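Peer 1: Everything below, folded, please.
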Amino acid sequence: MDKVGHVRQKIRTVTELGEIANDLKRNGETIVLAHGTFDLLHVGHVKHLQAARAEGTVLMVTITADEYVVKGPGRPVFSETLRSEMLASLEYVDYVGIERSATAKEAIRAIRPSVYVKGAEYEDATQDITGQIADERQAVESEGGRISFTNEETFSSTKLINRYFDIFDPPLQEYLGNLRARNLGKPLLEAVNTIADLRVLVVGDAIIDEYVYSSPIGKSPKETIIATLYQDSEEFAGGVLATGNHIANFCKHVEIVSVLGMHESYEDLIRASLKPNIRFTPLLRPGVPTTRKTRFVEPSYIRKMFEVYYMDDAPIPTELEDKLDSLIREKAPRADLTVVNDFGHGMITPRIRKALEESAKFLALNTQTNSGNAGYNLVTNYRRADYIAIDAPEARLAARNKFGDLGSEVMPAIRSAVNCEHLIVTHGGHGCYVSAKSDPVQHIPAFTKTVVDTVGAGDAFFAITSPLASVGIPMELVGVIGNAAGALKVGIVGHRKSIEKVPLLKYLGTLLK
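Peer 2: Purely as a prediction, here's the structure:
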């Protein structure tokens with residue numbers, strides 16, 4: 001067998017590795033397992049794996065599959081196929097497998113190694129933001145093995161990639177270098193942990209986002225239309241429901257107050273979609289459906305062709321408005337902050353805006369202009385807020401300024417119309433502009449240009465940054481964390497997943513290594 005064939009022969013499924021390990025152990029071999037991403041094979045990995053091989057007679061290495069690498073957009077740089085081939089080419093690595101789950105626990109259970117080897121940086125479990133090393137130790141020991149930490153000099157694939165690979169545009173590379181020079185990595189990670197105990201009330205429009213996946217098959221011969229072939233569909237809990245789910249991954253106590261249509265309420269879908277630490281308080285509006293936005297999507301590249309709204313966006317009836325007003329005035333004073341997602345679909349009337357302004361201890365506000373409200377739903381409808389996050393087109397509409405500079409003209413105009421301490425304007429691929437009332441506007445570049453789906457990216461930004469702003473985190477750090485959340489969200493189709501704490505922390509750590 002030639003060398004290439006020998007390398008490929010080493011690469012097996014994790015199930016096959018388990019079977020091979022059982023046979024080898026019966027013959028008296030000592031199985032050692034190492035696991036990691038191994039995105040850029042370097043001298044630190046070589047020394048680590050050499051030390052691991054010395055712990056036994058057979059070394060198996062498993063790598064995290066591409067879909068579970070949580071180092072942010074653009075990672076891994078090298079595919080799972082290339083990473084496995086690189087490792088298999090090392091003569092002291094006997095077998096390589098690709099672990100198709102988020103942690104090494106399944107590989108440990110399948111292989112049942114005598115020794116599980118990790119680098120010295122994992123020895124202090126309290127410094128592991130994922131909490132996985134403790135779980136992996138338990139899995140190894142439950143199978144009769146032990147964990148060992150190599151003491152070789154460590155290097156960082158992420159640091160080498162950040163420094164020597166052109167994965168960031170020059171302005172972003174310069175900005176990240178500035179953050180590193182100011183040693184802001186630790187304060188960023190600590191900021192995310194400061195919001196865990198907050199009590200958050202989330203108020204706004206519930207939306208069902210439906211994706212109908214259809215492939216174009218050509219022009220109809222009898223009509224001036226394009227025919228499409230239905231393939232599949234998904235329904236997501238969107239709007240304020242998605243915002244609540246994002247927040248619930250970072251804050252322990254979350255309550256959502258919203259209005260559902262009594263006709264086609266989707267309440268079962270909604271409750272099944274919400275995180276377990278969310279209390280959901282819906283009011284039912286008779287005679288109308290819960291707002292549903294159906295997007296017809298070309299599935300290969302998630303390109304949206306057109307959409308259909310199912311809703312009644314007239315202001316809610318007075319009887320329902322009375323109940324909602326009472327709920328807000330009862331619940332908002334008990335919450336540390338009130339987060340308002342105002343999509344302009346009839347729930348938040350002038351009277352409800354007043355209740356929010358008067359009752360919230362800290363009012364975080366996002367108003368959205370969309371096809372359904374045609375620019376009527378402006379942030380300037382509010383008199384005051386403690387934090388506002390809107391996108392650039394919404395900011396320009398509110399400021400009535402189509403071409404002026406966002407930082408020097410548009411944002412000051414919004415401040416003059418709404419009494420607001422903290423303001424962020426997001427600008428898609430251009431990043432965001434942040435300011436506190438007494439500070440100059442700062443621009444933060446976007447962290448990714450890899451976009452799968454933009455739906456809900458602004459909501460994710462708003463959801464994660466609102467609690468941070470409420471506890472006084474400096475606005476630049478709030479914007480950096482928000483950009484990271486947005487970068488992760490544009491890699492998710494619809495609302496299949498919400499932004500979770502560990503991937504966000506790992507991404508921030510990756511950016512600043």
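Peer 1: quick one: low-confidence ranges for the chain?
Peer 2: Flagging of the chain using pLDDT under 70 yields the residue ranges 1-5, 72-74, 125-131, 152-168.
Peer 1: Walk me through the domains of it.
Peer 2: The chain resolves into domains spanning 3-164, 190-205+243-284+317-511 when parsed by automatic domain parsing.
Peer 1: How about I270: what's its closest non-neighbour residue?
Peer 2: If the residues on either side of it in the chain are set aside, I270 comes closest to A237, at 5.0 Å by Cβ to Cβ, 6 or more residues apart in numbering. The C-beta positions use only the backbone N, C-alpha and C, and glycine is treated the same way.
Peer 1: Confirm for me that that neighbour is in contact with N245.
Peer 2: Yes - the pair A237 / N245 is scored as a contact, 7.4 Å apart, by Cβ atoms under 8 Å.
Peer 1: Quickly list what's touching both of these two.
Peer 2: Counting by Cβ atoms under 8 Å, 6 or more residues apart in numbering, the residues touching both A237 and N245 are 273-274, 495.
Peer 1: Between the residues you listed, identify the one with the most neighbours.
Peer 2: H495 (27 neighbours; other Cβ atoms under 10 Å).
Peer 1: Please look at it and F236 and confirm they touch.
Peer 2: Yes - if you go by Cβ under 8 Å, H495 and F236 touch, sitting 3.8 Å apart.
Peer 1: Please enumerate the shared neighbours of these two.
Peer 2: In contact with both H495 and F236: 209, 242, 273, using Cβ under 8 Å, 6+ apart.
Peer 1: check contacts around K331.
Peer 2: Contacts for K331 (Cβ under 8 Å, 6+ apart) come out as 201, 255, 257, 281.
Peer 1: Take those residues and write them to JSON lines, including secondary structure, distance to P474 and neighbour count.
Peer 2: Formatted as JSON lines, the contacts of K331 follow (DSSP: H, G, I helix; E, B strand; the rest coil; distance: Cβ to Cβ, whole Å; neighbours: other Cβ atoms under 10 Å):
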{"residue": "L201", "secondary structure": "strand", "distance to P474": "25", "neighbour count": "28"}
{"residue": "E255", "secondary structure": "strand", "distance to P474": "28", "neighbour count": "20"}
{"residue": "V257", "secondary structure": "strand", "distance to P474": "30", "neighbour count": "24"}
{"residue": "T281", "secondary structure": "strand", "distance to P474": "33", "neighbour count": "12"}
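Peer 1: Pipe those residues into TSV and attach distance to E55 per row.
Peer 2: Conversion of these to TSV gives the following (distance: Cβ to Cβ, whole Å):
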residue	distance to E55
L201	53
E255	51
V257	56
T281	55
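Peer 1: contact partners of stretch 386-395?
Peer 2: 337, 360, 362-369, 378-379, 398, 406, 410-411, 414, 418, 420-428, 430, 458, 461-462, 465-466, 469-470, 482.
Peer 1: again, but for stretch 470-481
Peer 2: 179, 184, 187-188, 191-192, 194-195, 198, 336-337, 362, 364, 386-387, 422, 424, 432, 434-436, 439, 442, 444, 464-465, 468-469, 504, 508.
Peer 1: Ok, stretch 45-60 next?
Peer 2: Contacts of stretch 45-60 (Cβ under 8 Å, 6+ apart): 17, 21, 24, 29-34, 36, 38, 61, 87, 90, 92-97, 111, 113-115, 117, 119, 148, 150-155, 157.
Peer 1: just checking, which of those residues belong to helices?
Peer 2: Members of the contacts of stretch 45-60 lying in helices (criterion: DSSP state H): 17, 21, 24, 87, 111, 157.
Peer 1: out of those residues, which is most surrounded?
Peer 2: I111 leads the ones in helices among the contacts of stretch 45-60 on contacts (other Cβ under 10 Å) with 30 neighbours.
Peer 1: Could you check how far G431 is from F38?
Peer 2: Applying Cβ to Cβ, to the nearest Å, the value for G431 to F38 is 31 Å.
Peer 1: Also A364?
Peer 2: 41 Å.
Peer 1: Over to L327?
Peer 2: Taking Cβ to Cβ, one finds L327 at 52 Å from F38.
Peer 1: Could you give the number of residues near A52?
Peer 2: So A52, with other Cβ under 10 Å, has 25 neighbours.
Peer 1: Next, the closest residue to K437 other than its chain neighbours: secondary structure please.
Peer 2: Nearest non-adjacent residue to K437, counting by Cβ to Cβ, 6+ apart: E421, 5.1 Å away. When classified by DSSP: H, G, I helix; E, B strand; the rest coil, E421 comes out as strand.
Peer 1: Contact partners for E421?
Peer 2: 386-387, 436-437.
Peer 1: Can you tell me which of those end up in strands?
Peer 2: 386-387, 436 (DSSP state E).
Peer 1: Of the residues you listed, which is the nearest to V43?
Peer 2: Nearest to V43 among those is A436, at 45.0 Å by Cβ to Cβ.
Peer 1: pretty sure L188 contacts L512?
Peer 2: Yes - the criterion here is Cβ under 8 Å, and L188 meets it with L512 at 7.0 Å.
Peer 1: and the gap between the nearest residue to H35 once chain neighbours are set aside and P113?
Peer 2: Spatial nearest neighbour of H35, chain neighbours left out: A104 (4.0 Å); criterion: Cβ to Cβ, 6+ apart. According to Cβ to Cβ, A104 stands 10 Å off from P113.
Peer 1: next one: T57
Peer 2: T57 is 12 Å from P113, by Cβ to Cβ.
Peer 1: out of these two, which sits in the more crowded spot?
Peer 2: P113 (29 against 14).
Peer 1: List the contacts of the more buried one.
Peer 2: So P113 contacts 21, 31-33, 56, 60, 140, 143, 145 (Cβ under 8 Å, 6+ apart).
Peer 1: Dihedrals phi and psi, it?
Peer 2: When quoted as degrees, to the nearest 10, the phi and psi of P113 stand at phi -70, psi 150.
Peer 1: Please point out which parts of the strand or helix carrying A272 sit buried.
Peer 2: Assessed by DSSP states H and E, A272 sits inside helix 267-273. Within helix 267-273, the residues that count as buried by 16 or more other Cβ atoms under 10 Å are 267, 270, 273.
Peer 1: With stretch 171-189 instead?
Peer 2: So, applying 16+ other Cβ under 10 Å, buried residues of stretch 171-189: 172, 175-176, 179, 184, 188-189.
Peer 1: Nice, that's everything, thank you.
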